[in-house]
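Undergrad: kindly return the folded structure for what I paste below:
(chains A and B)
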There are 2 protein chains.
Amino acid sequence: MRFLLLSGMGFNPILIVLSLLFLRLHGSVASPDSIIRILPEGRDNYSHRKIPREVYQQCESWRFTVETNDAGPFSRIPSECASFVKDYVTGYAYISDSEAVADASIAFAKTVQLAGDGKDVWIFDVDETLLSNLPYYADHGFGSEIFDEKIFNAWIDLAEAPVLPASLRLYRELLQLGFKIVLLTGRDESQREVTEKNLYNAGYSNWERLLLRGPSDRGKTATLFKSEKRKELEDAGYRIQGSSGDQWSDLNGFAVATRSFKLPNPMYSFL
Amino acid sequence: MRFLLLSGMGFNPILIVLSLLFLRLHGSVASPDSIIRILPEGRDNYSHRKIPREVYQQCESWRFTVETNDAGPFSRIPSECASFVKDYVTGYAYISDSEAVADASIAFAKTVQLAGDGKDVWIFDVDETLLSNLPYYADHGFGSEIFDEKIFNAWIDLAEAPVLPASLRLYRELLQLGFKIVLLTGRDESQREVTEKNLYNAGYSNWERLLLRGPSDRGKTATLFKSEKRKELEDAGYRIQGSSGDQWSDLNGFAVATRSFKLPNPMYSFL
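TA: Have a look, this model is predicted:
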């Protein structure tokens, strides 16, 4: 019913969150052997009625190059793909892709032999990984506007970013399995309090560490900053088994995890 | 006209090759500023008329996890996705994704300052990168059958694998720009002659080296074998600027290229 209402409407963060929650609860009803999930009624990005098919395919191929790291960093999405990206991130495809990444992550996590010494770690990025800034991006062209750090930080300070349900499912499963969880974000140390508040409100808890950019980290690329922090964890005796992030800069560099998991994000990409 | 003929027909390698050639010649007619290409008439995977939409979306999400390396290696595609993979690799989406990767590769290549000493190198994998084994996979379930090395090698020995046009376009552009080209393949040294013959027939020439698995490389993972060979190139004074491959094992490991380019391949994935 909620989904039938959604199909003809514009972007509405509250309904998105409701639908995300719905999917978290009901998204994986198929048999464990099957990768097929039941598609909620009306949540259909499948027919793409509003985007000409040439534009659609070219934007799909552009998205391929973004998600494989072939495109490299970019500051704005191609203007032709603004509607495509909006449909993707507000539709079922994004949820479905996110759930598939969580499934792959859990499948790997279950194969890890934990030593039981509390040193087996899984690292999570925060933005577009644990939390979604979709309400912000919906108000700012889904990546088609030049990024304005000031306006974005004002959004962050609200501590209202909704949960990404697939990641919360993975997060809880990892805790259950006995992993220690480290949060590693490009957010500034000055945003620690609002970040913690937002994470708690979104359902996250019991992380081992929350690592943010300190004064000496400012100006570093995300790849370097996050590699250095991973190296410090390794030097402290942690074994980084898994890492989840929507940016390749969350995952690449040095001191990388045994397995890294790239979450979908066609809206932005930085080094 | 040829494409109208294709749309209602089963897989036909000769028509596929013709369509690939057509696209190579006519695939990039839009203005250079635009990422939009003209979709050839009748080559339409867009409406996916034959695959139920639930299955379609789940297979799309599975493909996301494959192409981002989230899925890790697998020996067979999910049986539910056999039709999906067939439609993808024999349809326009695969061609479009391949062209987009070539575009991204060329965009990067043009930014490289070549030293002019003949040491700036671009590495290509062979199978599903320069050459397409689609005719073989069409006869063997598009990745849904267990891989049989003997039967595959008999196909390789025919030296009839068609060109991947987007890669030939990139290859020629790189030569033009002054890069040296190294071919690095998991094929065995015993297949050198048929591989060269096939490459020449497909339009490739003027490579610097063709590196295959020697007796001491057998049993190594592709990642290790290819990393070792890249290391040898670096030790010989080459600068590996770019690398193109359909497998993450072509690109990851050590002595990696400045930029790596992942080509699409949902049919198989190995370490």
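
Undergrad: please name the nearest non-neighbouring residue to residue A:213.
TA: Of all residues not flanking residue A:213 in the chain, residue A:188 sits nearest, at 5.2 Å (Cβ to Cβ, 6 or more residues apart in numbering or on different chains). Using the backbone N, CA and C atoms, a C-beta is placed for each residue, glycine as well.

Undergrad: count of residues packed around that neighbour?
TA: 16 (other Cβ atoms under 10 Å in any protein chain shown).

Undergrad: closest to the centroid, which residue in chain A?
TA: residue A:129 (2.4 Å; Cα atoms, centre = their mean).

Undergrad: so where's the stretch 51-200 of chain A uncertain?
TA: Residue ranges of the stretch 51-200 of chain A with pLDDT under 70: none are present.

Undergrad: let me see the contact set for residue A:129.
TA: The neighbourhood of residue A:129, defined by Cβ atoms under 8 Å, 6 or more residues apart in numbering or on different chains, consists of A:164, A:167, A:244-246, A:250, A:263.

Undergrad: please read the previous query as pertaining to residue A:258.
TA: Counting by Cβ under 8 Å, 6+ apart, residue A:258 has contacts A:112, A:239-242.

Undergrad: which of these fall in strands?
TA: Among those, DSSP state E puts A:239-242 in strands.

Undergrad: re the thing from before, for the residue nearest to residue A:213, phi and psi?
TA: Main-chain dihedrals, residue A:188, degrees, to the nearest 10: phi -80, psi 150.

Undergrad: distance of it from chain B?
TA: According to Cβ to the nearest Cβ, to the nearest Å, residue A:188 and chain B sit 28 Å apart.

Undergrad: quick one: that residue and residue A:215 touch, right?
TA: No - assessed by Cβ atoms under 8 Å, residue A:188 is found out of contact with residue A:215, at 9.1 Å.

Undergrad: and the helices in chain A?
TA: A:2-7, A:13-26, A:53-67, A:82-90, A:92-109, A:134-139, A:149-157, A:165-177, A:192-202, A:222-235 (DSSP state H).

Undergrad: what's the closest of the ones you listed to residue B:75?
TA: Among the helices of chain A, the nearest to residue B:75 by Cβ to Cβ is helix A:92-109 (14.8 Å).

Undergrad: just want the angle from the closest one to helix A:53-67.
TA: Orientation of helix A:92-109 against helix A:53-67 (axes from the mean of the first three to the mean of the last three Cα atoms, to 10 degrees) gives an angle of 30 degrees.

Undergrad: ok so, going back, the ones in strands among the contacts of residue A:258: which two are farthest apart?
TA: Checking these with Cβ to Cβ, the most distant pair is A:239 and A:242, at 10.3 Å.

Undergrad: so what's residue A:179 up against?
TA: Taking Cβ under 8 Å, 6+ apart as the test, what residue A:179 contacts is A:109, A:112, A:114, A:120-122, A:241-242.

Undergrad: repeat the analysis, applying 6 Å as the threshold.
TA: A:120, A:122 (Cβ atoms under 6 Å, 6 or more residues apart in numbering or on different chains).

Undergrad: any idea how far residue A:194 is from it?
TA: Distance, residue A:179 to residue A:194, by Cβ to Cβ, to the nearest Å: 26 Å.

Undergrad: go on, residue A:170?
TA: Distance from residue A:170 to residue A:194, by Cβ to Cβ: 23 Å.

Undergrad: when these two are compared, which one has more neighbours?
TA: Each of residue A:170 and residue A:194 has its neighbours counted (other Cβ under 10 Å); residue A:170 has more, 28 against 17.

Undergrad: got a list of what that one touches?
TA: By Cβ under 6 Å, 6+ apart, the neighbours of residue A:170 are A:102, A:105.

Undergrad: before I go, just wanted to say thanks for your time.
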